[in-house]
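Visitor: Build me a model from this:
(chains A, B, C and D)
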There are 4 protein chains.
Amino acid sequence: MLAIIITIMVLEIRPPEGHELVDWIPVVPVVLAYLLSFTLVAIYWNNHHHLLRATEHITPSVMWANMALLFSLSLVPVTTAWLGNDGNYVRAAPLALYAAVCLLSGLSYYVLALRINQANPGDARLRAFIGSRKGAASPILYVAAIVAAFIVPPVALVLLVVSAALWFIPDRVLVEDDAES
Amino acid sequence: MLAIIITIMVLEIRPPEGHELVDWIPVVPVVLAYLLSFTLVAIYWNNHHHLLRATEHITPSVMWANMALLFSLSLVPVTTAWLGNDGNYVRAAPLALYAAVCLLSGLSYYVLALRINQANPGDARLRAFIGSRKGAASPILYVAAIVAAFIVPPVALVLLVVSAALWFIPDRVLVEDDAES
Amino acid sequence: MLAIIITIMVLEIRPPEGHELVDWIPVVPVVLAYLLSFTLVAIYWNNHHHLLRATEHITPSVMWANMALLFSLSLVPVTTAWLGNDGNYVRAAPLALYAAVCLLSGLSYYVLALRINQANPGDARLRAFIGSRKGAASPILYVAAIVAAFIVPPVALVLLVVSAALWFIPDRVLVEDDAES
Amino acid sequence: MLAIIITIMVLEIRPPEGHELVDWIPVVPVVLAYLLSFTLVAIYWNNHHHLLRATEHITPSVMWANMALLFSLSLVPVTTAWLGNDGNYVRAAPLALYAAVCLLSGLSYYVLALRINQANPGDARLRAFIGSRKGAASPILYVAAIVAAFIVPPVALVLLVVSAALWFIPDRVLVEDDAES
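Guide: Below is the predicted model of the structure:
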């Protein structure tokens, strides 16, 4: 489902009317908003996949948590589309809403990891993730981004980018053995 | 296919023109209609997946029933979109049509379970589901919702929400060992 | 990919502006066109799945044929959309074009089955399908539908429906052990 | 995800307003642009699938490279849509941008193959691909197409078609044992 979410986001990028390269200039913020969300969802895609592979027993609360995560992430395309609208990437509300959806996704993911850990106590890597600093860093950055959006909007944008970039310096806990397109 | 149905529903949520949070107020019914349908289809997604895993032999009548289920569920996005249109969530026809598609899906699912049970007589959990109270409760609630829609529309809405919520108090028959995104 | 094709077709069905059941009357031909194409693609989905499972060796010509089939079927949504436009379901060109895409898909499927049979000579069921009457019946019906479209359009419509219905009286060659959503 | 990219491209093809076959004439360039991109992405789909199957260990740099490839390919639909706009298939900028996205995808794929090879040194076929002439031919053709687009646009179009056609004369390294729809 995350692959589908990523792909429908690209539907927001509409080719310009003209036929010169400069006609794309107004489309640039849309493309950059897409790049940010692509990275965000792709990271969940990789990690969520591993998370569920580590899972033997599904309890109702795991099912709830998984649904909450998928629901949160399914709101990414529409908030991305809003952020890509003209000039919105430096405005308070679009940045705050985007960060709020990121926060919701991050918390859902964390709750899902906790629930799976409860249902499958043996998995060492899962426990390591739950205690890792990165699991905590993302939500804090998103809260900071929501606050910043209403004071200095560009700072919120920087925090969102930093939060996505964080995952590319992996702590070698979650991204090890995962391959699927 | 159910993952795709869920995801295309989110395409109905369009970001507002403005750039304030209050600009989202007219979009709220669309988001809530989406949340209801997300839950509905996600529940089928989980259970349908298990159902087919319990299946060794596919007969033509299983194939028919499976197609009928997928067809019914594929009508959820368009009826959801109608329900999300301005003010439609308290109007008779949109609520009744939505409940009718839910009923059709519920009956198709039940017929599919029966057909699979005939083709694979050994599966105890499948038999348990067919005899369970929940399998019967949903259709009754949907019929009640269709009737209520033409008398007191808001009651129909409540019945639809209750019917979805029911599945979160699982009878431990069908949601046990299922994990896939 | 066939699941995705089916699902995007449903995007063509737009909810009407009004909020009465009668407002759906102009949408009925769109829904029926969708039902026909849903059945068409769903049948390929079931059978294509089996066909590729029967395949051990992929040669370049199998790859070519598979691409041709997927390309043909990917044209179904747009011709379905045209057929669903106002009054087009009794007009020559929309019916003929729809039948032509069906014919192209049928032929591609047959060529794919031949190519896979060459590359994997051992599969008895594959050989049985290639020699079966149904493999031959569909293309003949589609050619007849193309011709009929320009003479008595409604006859073309009937032929298209018959051709889809044919597959529900299975010759027990291809639909035996296939289950996947 | 590549299957989804292919399928959403077909959403660009809109049925004409009229109901005669001649009404499709303005749609022809859109269909041809789609055919070209269908072939392009379908080739990656086949090969990418094999590439990841050959992979045991995923390192962060493999993850980066895979994301870059998927991101590049996700830009194909929008550049295809631009190329399909009226008359754009013989204009400099649309052709150059399309070729640039092809080039980006080709380079990402090559980098991905290199990274996977580093992480999984044993795979002989992977090594063979990395040293093969075809891996080098495509990027050169794309660079040539970008240059040609600004001088003699139709030549760029020819180069793009040739580059796709190349993959149908397989060097028997990558297309051997791959079957999945």
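Visitor: Figure out the helix or strand that the residue in chain A that chain C sits nearest to lives in.
Guide: Of all residues in chain A, A:Ile4 sits closest to chain C, at 8.3 Å by CB to the nearest CB. The C-beta positions use only the backbone N, C-alpha and C, and glycine is treated the same way. Assigned by DSSP states H and E, A:Ile4 belongs to helix A:2-9.
Visitor: residue ranges with poor pLDDT in chain A?
Guide: Applying pLDDT under 70 to chain A picks out residues A:54, A:122-126, A:128-135, A:168-181.
Visitor: Next, please give the residue ranges for the helices of it.
Guide: Under the criterion DSSP state H, chain A carries helices at the ranges A:2-9, A:28-53, A:60-74, A:76-84, A:92-119, A:124-131, A:133-151, A:153-166.
Visitor: With mean neighbour count and distance to chain D as extra columns, can I get the ones you listed in JSON lines?
Guide: Conversion of the helices of chain A to JSON lines gives the following (neighbours: other CB atoms under 10 Å in any protein chain shown; distance: least, CB to the nearest CB, whole Å):
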{"stretch": "helix A:2-9", "mean neighbour count": "23", "distance to chain D": "4"}
{"stretch": "helix A:28-53", "mean neighbour count": "20", "distance to chain D": "5"}
{"stretch": "helix A:60-74", "mean neighbour count": "21", "distance to chain D": "15"}
{"stretch": "helix A:76-84", "mean neighbour count": "25", "distance to chain D": "13"}
{"stretch": "helix A:92-119", "mean neighbour count": "21", "distance to chain D": "17"}
{"stretch": "helix A:124-131", "mean neighbour count": "15", "distance to chain D": "14"}
{"stretch": "helix A:133-151", "mean neighbour count": "17", "distance to chain D": "13"}
{"stretch": "helix A:153-166", "mean neighbour count": "18", "distance to chain D": "11"}
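Visitor: Mind checking the ones you listed for the one nearest to C:Val161?
Guide: C:Val161 lies closest to helix A:2-9 among the helices of chain A, at 31.3 Å (CB to CB).
Visitor: got the angle for the closest one vs helix D:2-9?
Guide: With axes from the mean of the first three to the mean of the last three CA atoms, to 10 degrees defining the directions, helix A:2-9 sits at 30 degrees from helix D:2-9.
Visitor: hang on, the earlier thing: show me what contacts the residue of chain A closest to chain C?
Guide: By CB atoms under 8 Å, 6 or more residues apart in numbering or on different chains, A:Ile4 lies in contact with B:Ala3, B:Ile4, B:Thr7, D:Ile4.
Visitor: Repeat that for A:Leu32.
Guide: Going by CB under 8 Å, 6+ apart, A:Leu32 touches A:Gly84, A:Tyr89.
Visitor: ok now stretch A:24-44, how far from the chain's centre?
Guide: 12 Å (CA atoms, centre = their mean, to the nearest Å).
Visitor: Please name the nearest non-neighbouring residue to the spatially most central residue of chain A.
Guide: By CA atoms, centre = their mean, chain A has its centre lying nearest to A:Leu40, at 3.5 Å. Leaving out its chain neighbours, the residue that sits closest to A:Leu40 by CB to CB, 6 or more residues apart in numbering or on different chains is A:Ala164, at 5.5 Å.
Visitor: go on, A:Leu104?
Guide: A:Ser72 (4.3 Å).
Visitor: my guess is the one you found meets A:Ser108, correct?
Guide: Yes: between A:Ser72 and A:Ser108 there is a contact at 5.0 Å, judged by CB atoms under 8 Å.
Visitor: and stretch A:77-91, does that touch chain B?
Guide: Yes: using CB under 8 Å from any CB of the partner chain, stretch A:77-91 comes into contact with chain B via A:Pro77, A:Val78, A:Thr79, A:Ala81, A:Trp82, A:Asn85, A:Gly87, A:Asn88, A:Arg91.
Visitor: among those residues, which two are most distant?
Guide: A:Pro77 and A:Gly87 (19.7 Å).
Visitor: Thought A:Ala81 was touching A:Tyr98, still the case?
Guide: No: using CB under 8 Å, A:Tyr98 is not in contact with A:Ala81, being 10.3 Å away.
Visitor: Torsion angles phi and psi at A:Arg91?
Guide: Here is the backbone geometry of A:Arg91 (degrees, to the nearest 10): phi -110, psi 150.
Visitor: Give the burial count for the nearest residue to it once chain neighbours are set aside, as a bare number.
Guide: Computed as CB to CB, 6+ apart, the closest residue to A:Arg91 that is not its neighbour in sequence is B:His19, at 4.8 Å. Per other CB atoms under 10 Å in any protein chain shown, the neighbour tally for B:His19 reads 17.
Visitor: Can you verify my assumption that B:His19 contacts A:Val90?
Guide: No: with contacts defined as CB under 8 Å, B:His19 does not count as touching A:Val90, sitting 10.1 Å away.
Visitor: re the thing from before, can I get the residues of stretch A:77-91 next to chain B in JSON lines including distance to C:His57?
Guide: Shown next, in JSON lines, are these (distance: CB to CB, whole Å):
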{"residue": "A:Pro77", "distance to C:His57": "40"}
{"residue": "A:Val78", "distance to C:His57": "45"}
{"residue": "A:Thr79", "distance to C:His57": "47"}
{"residue": "A:Ala81", "distance to C:His57": "45"}
{"residue": "A:Trp82", "distance to C:His57": "50"}
{"residue": "A:Asn85", "distance to C:His57": "51"}
{"residue": "A:Gly87", "distance to C:His57": "56"}
{"residue": "A:Asn88", "distance to C:His57": "53"}
{"residue": "A:Arg91", "distance to C:His57": "57"}
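Visitor: Between the residues you listed, which sits nearest chain B?
Guide: Using CB to the nearest CB, A:Trp82 comes nearest to chain B of the residues of stretch A:77-91 next to chain B, at 3.6 Å.
Visitor: Show the contacting residues for the nearest residue to A:Ser163 once chain neighbours are set aside.
Guide: Of all residues not flanking A:Ser163 in the chain, A:Leu141 sits nearest, at 4.2 Å (CB to CB, 6+ apart). A:Leu141 is in contact with A:Leu159, A:Leu160, A:Val162, A:Ser163, A:Leu166, counting by CB under 8 Å, 6+ apart.
Visitor: go again using 7 Å as the cut-off
Guide: By CB atoms under 7 Å, 6 or more residues apart in numbering or on different chains, A:Leu141 lies in contact with A:Leu159, A:Val162, A:Ser163.
Visitor: Among those residues, pick out the one closest to chain B, please.
Guide: Closest approach between the contacts of A:Leu141 and chain B, by CB to the nearest CB: A:Leu159, at 19.0 Å.
Visitor: Show the contacting residues for the nearest residue to that closest one once chain neighbours are set aside.
Guide: Closest residue to A:Leu159 apart from its sequence neighbours, by CB to CB, 6+ apart: A:Ala145 at 4.1 Å. The contact partners of A:Ala145, by CB under 7 Å, 6+ apart, come to A:Ala99, A:Ala156, A:Leu159, A:Leu160.
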